[in-house]
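K.L.:
Fold the following, please.
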Amino acid sequence: MKNRLGGAVALFAAFLLVGSSALSAHHALQAQFDTENVLSLEGTLSRIEWINPHAYFWFDVNDGSGETKQWGAETVGPNALRAAGFLRGPASFRIGETYTFEGFAARDGGERIFTTAIAFEDGRKIQIWIGEEGAAAK
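P.N.:
Residues are numbered from 1 along each chain as shown. Model prediction:
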């Protein structure tokens, strides 16, 4: 009996350690993105990574001088995207089509945003992140 109880306690302790390290590894939005610097970028979708804890959209943006740059749009995870009405695959997004990504600029100045809304060519706009208290999301 003592062996089973000791094993259960050790297993529980291991779950607590693993869980707490995973939680501390998750970054705060404000650490990587400037919630006061809102961008709206139109581009051609080139790739989607439908993964946890955040999904990523990669799209090509013409910078106005004729040069095209690839931007990464980090967003909420797949479950939250489904809750917002998006489906994985061509039912919601098509590679090669144009979308407008709205969100917060990367603090390091890189070609990345944290997406708060996505607008489609047909005029639909879906808000996918309404923000935390004190954030500048609209």
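
K.L.:
And the contacts of stretch 91-100?
P.N.:
40-48, 57, 59, 85-86, 118-121, 125 (CB atoms under 8 Å, 6 or more residues apart in numbering). Yep, even glycine has a C-beta here, placed from its N, CA and C like the rest.

K.L.:
Got a quick PyMOL command for the buried subset of the residues you listed?
P.N.:
Per 16 or more other CB atoms under 10 Å, the buried members of these correspond to this PyMOL selection:
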select buried, resi 41+43+44+45+48+57+59+86+118+119
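
K.L.:
So which of the contacts of stretch 91-100 sit within strands?
P.N.:
Among those, the residues falling in strands (DSSP state E) are 40-48, 57, 59, 118-120, 125.

K.L.:
so which two of those are the farthest from each other?
P.N.:
Across the ones in strands among the contacts of stretch 91-100, the longest distance by CB to CB is 21.8 Å; it joins R47 and K125.

K.L.:
So which residues of the protein form helices?
P.N.:
Using DSSP state H, the helices of the chain run over 2-25, 29-32, 78-83.

K.L.:
Which of these has the lowest mean pLDDT?
P.N.:
Among the helices of the chain, helix 2-25 has the lowest mean pLDDT, at a mean of 41.
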